[in-house]
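Chemist: turn this into a model:
(chains A and B)
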Amino acid sequence: MDNFLLQLLLFCTAAIVAVPLARKFGLSSVLGYLLAGIVIGPFGLSLIGDVESVMHFTEFGVVMMLFLIGLELKPSLLWRMRTPILGMGGVQVVGTALVICLIGSFFVPWQTSLALGLIVSLSSTAIVLQTMREKGTMETTAGRAVFSILLFQDLAVIPILTILPLLALSPAQGGSGGEAALLDISTLPTLWRVAATLGAIGSIFVGGKYLARPIFRIIAATRVREIFIAVALAIVVGISLLMTVVGLSPALGAFLAGLVLADSEYRYELESDIDPFKGLLLGVFFISIGASLDFFFISHHLLLIAALVISLLLIKGLILYGIGFLFRTPGEGRCYLAAALVQAGEFAFVLFEFSRSNGVLTDNIITPCVSAVTISMFLAPLFFILQERLTGRSGNEEQQREADSIKKKGARVILSGFGRVGADVGRFLLSTGIHPVIVDSDSGNVATLRRFGFEVYYGDVGRLELLEAAGAAEAELLVVTDRDTEKAQALITLAREHFPQLKIVASASDRSATYDLMDIGVSAIRRETFGGAVELGREVLVCLGFRRYEAYRLARLFRHQAEAFLPKLYHAHRRQSAAEYQLLYRRHTSRMAALLQAEGENNVGLSEKAWLASRGED
Amino acid sequence: MNKILLLLAHPAFGRSVANAALYSAVEGMEGVTCRDLYDLSPDFFIDVEKEQELLLAHDIILQQYPLFWYSTPSLLKEWTDLVFEHGWAYGSDGESLRGKYFMQAITTGSEAETYAWGERSSMPLVSYLAPQRATARLCGMHWLPPFVAAGVHFESRAVLAREGQRYRRLLEALQQCSQLEELAEKYRITDGPVPEANALDRDLLKGESNG
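Modeler: Presented below is the predicted three-dimensional model:
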């Protein structure tokens, strides 16, 4: 236990020191983690022991990341991206594997070189996505191409796992197939195996569609947040185990689960709960890659490894550039594509292990290759930097050019609270063609509204992560309709601090709530009952026999006068004594009465003298 | 320098092309106060005191609007009904507007040629401005013939931009003109033919065509 805590402290400290340093020098956090790994690894300060098991454990961060990607991706979007995914991804994986097989077969049997080609054709989802997020290039043309290829690679792991055993030169060493599983289905007849696999995937869809929602609802109703987090974690871990049992990639399973849950009202809550875990696990994963660089082995086989790394980078880079050319990616996009995906990925470590146990590859091939793969991953962030230097831009500028399409994709308005006020605000906005991201923290309410066809998400936007997940960075406007004034104030303050571009519109439950919101500088405030009350008053006038237009004009005058006087009342309330405030309030009331009665009794209001008088003239 | 109060009335200004071209050409000019009435009074509530204050502070009142059914958009009518109060703008002691200048800047969908006797629009354009002309006279203001951008449905953006420049030059000339009173004298209501649209171009923008 003590040892575990000590390790934990070490990893955290290394990350705390290295990442801010890396960011300060304009490098990606991934590079920071990798460097931290070298420093605390066996060839640095030698502070950590069992690097491999740490790496193995933290690979789980990749699973979580794909779950999150699935959550963010709606199936419809995935369908629209089918051409780049199958086309670019397919050409990349098959092309890279074949070329490496061809070249490699001069040195080793073709089976071995094909296995190697398949393994290193995959790139590092973890490093690339993390870096692209930080640089904000996800939404560019090249960014989307990179993402498509990565997605195909994740899918390709399944057929690769199927093909690899066929390439075995020596009999399988037995042991676990890939990762350790609770139960081994590889002994079952083929038909059963296929059935189990299909059953597992089917259960993700059925569970995600029908089971997850009632469970979330029950959990959310308990209002104990950590239980919700526990459920979120249980889902991801459970799916990983299930996928491992049937011999599929856990990452793929998590991705599918994410996709299924992408339409759920708990999407943003899930996203914000899993995200920190993913971040930490990936961080430690990168550290362990840094730590696992075997400098001793490398220094003894310097030439061999250098040759391996250079040929790997050259082959992958050229093929990627060619793909960019083939699929008409613009010039800089091609460079970006090549720079982003040139490294081998973390799946390679898994597949090397798998190949070893299945007798596909032997240790004397695996050891230098693992070093080469690690070095290529280590170089990955440098390639991003190199690409920026060469083309003189980070891809961010391209993002600016595309800002319009992003805006259309993300919602312009975030609506917090879908209760008495929020529901009608939301209905009104939807009717005008504005689709806000609607978040409400009452799970019962969310469930009901969902049945009425509203796209409402469960969660508390008062939490920064959820506000972020709801798209606060891109939105223009935050509408606050929470009845609890303190919560509303906290939310507005948080939003102001982190997303200064957000304009705020708020509803206040009563007069004192209005003043409270004015305290923190909100100017667009509506008192929630005021409009309804004035309308009701107008109805009373009509029932009493006033002409409808006259009643309408009186109500309008009342509303405008009240609005115009609000700042003065607020000022008095905050700066002056209670007695002075009451006096001002009474004066305002009597002035209002004078105005309205002048208009009502004589039909000659301040603004309407002309109407009566003009009867005499002309 | 004559100070101009520009009152824009266009219920769908966000989708306007011609009025937007004119308005943007003069918005921000020194000595020109621009007020977008539909934006200021979306519910037709008009702050009469404030409007009257503004009128007092300017020399030339310029109403800019698209011609709707040979008349003004409805808010501009409401504005006139309420702001030009008895006892303030007219009547025995209503002299607040006396000596000021009143002018319109109008866009029309159909071409200028259709505004003539016997043509599709039946009468010369200025004939349709009789109510505003008479209102100005009753309030003791000097009426000036309108700036008109006609046929805007058929014009390209480039032509409209040129109209915007003509509008701007006209306003500049109005600001600088020291003989406005003599000029306005030419356009007093008589029983003769009505003045031409854009007649001011000839008076103030010498050597330029009417476009």
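Chemist: what about the closest residue to chain A within chain B, how many neighbours?
Modeler: At 3.4 Å from chain A, B:H86 is the closest residue in chain B, using CB to the nearest CB. Where you see a C-beta, it was placed from the backbone N, CA and C, and this is true even at glycine. Residues lying near B:H86 (other CB atoms under 10 Å in any protein chain shown) number 19.
Chemist: got any ranges where chain A has weak pLDDT?
Modeler: A:1-2, A:26-28, A:171-188, A:392-410, A:600-618 (pLDDT under 70).
Chemist: got the domain ranges for it?
Modeler: Domains of chain A are assigned by automatic domain parsing as A:2-401, A:410-528, A:544-618.
Chemist: reformat those domains as a markdown table; add mean neighbour count and distance to chain B.
Modeler: Below are those laid out as a markdown table (neighbours: other CB atoms under 10 Å in any protein chain shown; distance: least, CB to the nearest CB, whole Å):
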| stretch | mean neighbour count | distance to chain B |
| --- | --- | --- |
| domain A:2-401 | 19 | 24 |
| domain A:410-528 | 18 | 13 |
| domain A:544-618 | 14 | 3 |
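Chemist: you'd agree A:A22 is up against A:I16?
Modeler: No - counting by CB atoms under 8 Å, A:A22 stays clear of A:I16, with 11.7 Å between them.
Chemist: where along chain A do the strands fall?
Modeler: Assigned by DSSP state E, the strands in chain A fall at A:413-416, A:437-440, A:456-458, A:477-480, A:503-508, A:524-527.
Chemist: enumerate the residues of chain B near chain A.
Modeler: B:43, B:45-49, B:81-82, B:84-87, B:90-91 (CB under 8 Å from any CB of the partner chain).
Chemist: now a ChimeraX select for only the buried ones of those residues.
Modeler: In ChimeraX, a selection of the buried entries from the residues of chain B next to chain A looks like this (16 or more other CB atoms under 10 Å in any protein chain shown):
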select /B:45,46,47,48,82,84,85,86,90,91
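Chemist: immediately after the strand or helix carrying B:L160, which helix or strand?
Modeler: Element membership of B:L160 [criterion: DSSP states H and E] is helix B:157-176. As assigned by DSSP H and E, the chain's next helix or strand after helix B:157-176 is helix B:180-185.
Chemist: roughly how far out does that following helix sit from the chain middle?
Modeler: Its chain's C-alpha centre and that of helix B:180-185 lie 16 Å apart, by CA atoms, centre = their mean, to the nearest Å.
Chemist: go on, stretch A:232-243?
Modeler: 19 Å.
Chemist: and for the helix holding B:L160, what's in contact with it?
Modeler: Helix B:157-176 has contacts (CB atoms under 8 Å, 6 or more residues apart in numbering or on different chains) with B:1-4, B:17-18, B:21-22, B:24-26, B:29, B:31-32, B:60, B:62, B:101, B:103, B:105, B:144, B:147, B:149, B:152, B:155, B:180, B:200-201, B:204-205, B:208, B:211.
Chemist: so who does the residue nearest to the spatial centre of chain B touch?
Modeler: Residue closest to the average C-alpha location in chain B (CA atoms, centre = their mean): B:Q104, at 1.2 Å. When contacts are counted by CB under 8 Å, 6+ apart, B:Q104 touches B:L62, B:Q63, B:Q64, B:Y65, B:L129, B:Q132, B:P146, B:F147.
Chemist: SS state for the closest residue to the last one other than its chain neighbours?
Modeler: I take that to be B:F147. Using CB to CB, 6 or more residues apart in numbering or on different chains and skipping residues adjacent in sequence, the residue nearest B:F147 is B:A105, 4.2 Å away. Per DSSP: H, G, I helix; E, B strand; the rest coil, the secondary structure class of B:A105 is strand.
Chemist: run through the bridge partners of B:A105.
Modeler: Per DSSP bridges, the residues bridged to B:A105 are B:Q64, B:F147.
Chemist: check the offset of the helix holding B:L160 from the chain's centre.
Modeler: Using CA atoms, centre = their mean, the offset of helix B:157-176 from its chain centre is 13 Å.
Chemist: and what of stretch B:174-185?
Modeler: 16 Å.
Chemist: flag every buried residue along that stretch.
Modeler: Buried residues in stretch B:174-185, defined by neighbour count with 16+ other CB under 10 Å: B:L174, B:Q175, B:C177, B:L180, B:L183, B:A184.
Chemist: residue ranges with poor pLDDT in chain B?
Modeler: B:207-211.
Chemist: contact partners for the closest residue to A:S509 other than its chain neighbours?
Modeler: Counting by CB to CB, 6+ apart, A:R483 is the residue found nearest to A:S509 once chain neighbours are left out, at 5.2 Å. Residues in contact with A:R483, defined by CB under 8 Å, 6+ apart, are A:G417, A:G419, A:R420, A:V421, A:S509, A:E528.
Chemist: so can I have a markdown table of these showing distance to B:L54?
Modeler: A markdown table is the format used below for the contacts of A:R483 (distance: CB to CB, whole Å):
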| residue | distance to B:L54 |
| --- | --- |
| A:G417 | 40 |
| A:G419 | 43 |
| A:R420 | 41 |
| A:V421 | 36 |
| A:S509 | 37 |
| A:E528 | 34 |
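Chemist: among these, which are in helices?
Modeler: Among the contacts of A:R483, the members falling in helices are A:R420, A:V421 (criterion: DSSP state H).
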